[in-house]
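> whatever this is, show me its structure:
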Amino acid sequence: MVDVAVIGAAGYAGIEAVRLVLGHPRLRLVLATSAADAGKPLAGVYPALSGSTDLAFSAPDVRAVAASASVAILAVPHTAALAMVPVLLAAGVTVIDLSADFRLKDASVYEAWYGAPHTASDLLGQAVFGLPELERGLLPGASLVACPGCYPTATILAAFPALESGVAIGTRIFVDGKSGVSGAGRSMSAGTHYVTANEAVMPYKVGTHRHTPEMEQALCAAAGRDLSVMFAPHLVPMTRGLLSTVYLDVEDNFTTAEAVELYRGRFHKEPFVHVHDAGTMPSTAEVRGTNRASIGVSVDERSNTLVVACAIDNLGKGAAGQAVQCLNAVLGYPETEGFERPGPVV
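This next block holds a predicted model:
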């Protein structure tokens, strides 16, 4: 068994990671940290875990983590991982990081978008971007994995087959993203208050969302040329789920049937990616509670626009599920290990 600690375990992504580790046949949860909930039983804060674990949350002490676990999953806000990761790596702990701190390869880009100095830039070259469908070959044996955000995960999966194949042309990509309220985290804010979010769809941080450079970094690499991403995220009144709809220019006479063939050819060996038949688009309901990504494609031949929609669970494939999938790959386990049960059907 591999001993795993989850740092920031009381947040929504963190507790989802806890749930997945508890259900994994080859992982053992030895530590779950939370500054606010230290001393409280996990099942006391999240009653759904009753009968699954007797652990209590502990204070976030990175040296205690290094002493007790061989793997640490970090579900912490940006900048928090910068001090933790060097200590953990020096102690020989494998780090699966869900924060933004090691996703961007250029420290100056991170500093521009996050407004904070990057104090561990020497580790950026070591970090593997944790999207297995894109970087699988770099994951086995990796010591630091930087899992992408939920919006970038869905957007990159939606766009990169068209870009890497050369089907998508032009230099601008338009992304319409919609996320459930859990994507904003556990802390309450005016924008996520029930009265504000219920029965409302609201765009926010249009053109300024911090996930934008992650998308550009991956999609420019896939295309082999400079691209700009115009990203408009929206908050929608559901607990979990994310849909990213991407608009790409294509040449004349490219058809929906050809798009389906292209995407199925690229993803046919991917255990967590499903491509719908022509004429069918995905719903967030079909991936809720899972690590799956569901993709639908359509070509508007009048405007030569390829429209690709990708649905994921923002806490699953967009966060904790992706972390466990990456950890499986790092350890040499089948990526599907621990995900054998289907998700909820209603």
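> and the longest helix seen in the chain, how far out from the chain middle?
Scanning the chain for the helix with the most residues, using DSSP state H, yields helix 150-164. Helix 150-164 has its average C-alpha position 12 Å from the chain's average C-alpha position, going by Cα atoms, centre = their mean, to the nearest Å.
> alpha carbons only: can I get that helix in PDB?
Taking Å, rounded to 0.1, in the frame of the first residue of the first chain, the C-alpha atoms of helix 150-164 are listed here in PDB:
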ATOM      1  CA  CYS A 150     -10.900  22.500 -14.300                       C
ATOM      2  CA  TYR A 151     -11.600  25.000 -17.100                       C
ATOM      3  CA  PRO A 152      -8.200  24.200 -18.800                       C
ATOM      4  CA  THR A 153      -8.800  20.500 -18.500                       C
ATOM      5  CA  ALA A 154     -12.100  20.600 -20.400                       C
ATOM      6  CA  THR A 155     -10.900  23.300 -22.900                       C
ATOM      7  CA  ILE A 156      -7.600  21.500 -23.700                       C
ATOM      8  CA  LEU A 157      -9.400  18.200 -24.300                       C
ATOM      9  CA  ALA A 158     -11.900  20.000 -26.500                       C
ATOM     10  CA  ALA A 159      -9.400  21.900 -28.600                       C
ATOM     11  CA  PHE A 160      -6.100  20.100 -28.900                       C
ATOM     12  CA  PRO A 161      -7.000  17.300 -31.400                       C
ATOM     13  CA  ALA A 162      -8.100  19.900 -33.900                       C
ATOM     14  CA  LEU A 163      -5.000  22.000 -33.300                       C
ATOM     15  CA  GLU A 164      -2.400  19.200 -33.300                       C
END
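> quick check: what element follows it along the chain?
Secondary structure here is assigned by DSSP states H and E; on that basis, the next helix or strand after helix 150-164 toward the C-terminus is strand 168-179.
> can you tell me what sits against the very next helix or strand once past that next one?
As assigned by DSSP H and E, the chain's next helix or strand after strand 168-179 is helix 194-197. Among residues not part of helix 194-197, those counted as contacts by Cβ atoms under 8 Å, 6 or more residues apart in numbering are Val181, Ala190, Gly191, Met202, Leu235, Pro237. For glycine as for every other residue, the C-beta is placed from the backbone atoms N, C-alpha and C.
> switch to 7 Å and redo it
Val181, Ala190, Leu235, Pro237 (Cβ atoms under 7 Å, 6 or more residues apart in numbering).
> next: stretch 84-103.
Taking contacts as Cβ under 7 Å, 6+ apart, the residues outside stretch 84-103 that touch it are 7, 13, 62-63, 65-66, 69-82, 114, 120, 123-124, 127, 129, 143-149, 210, 214, 319, 323, 326-327, 330.
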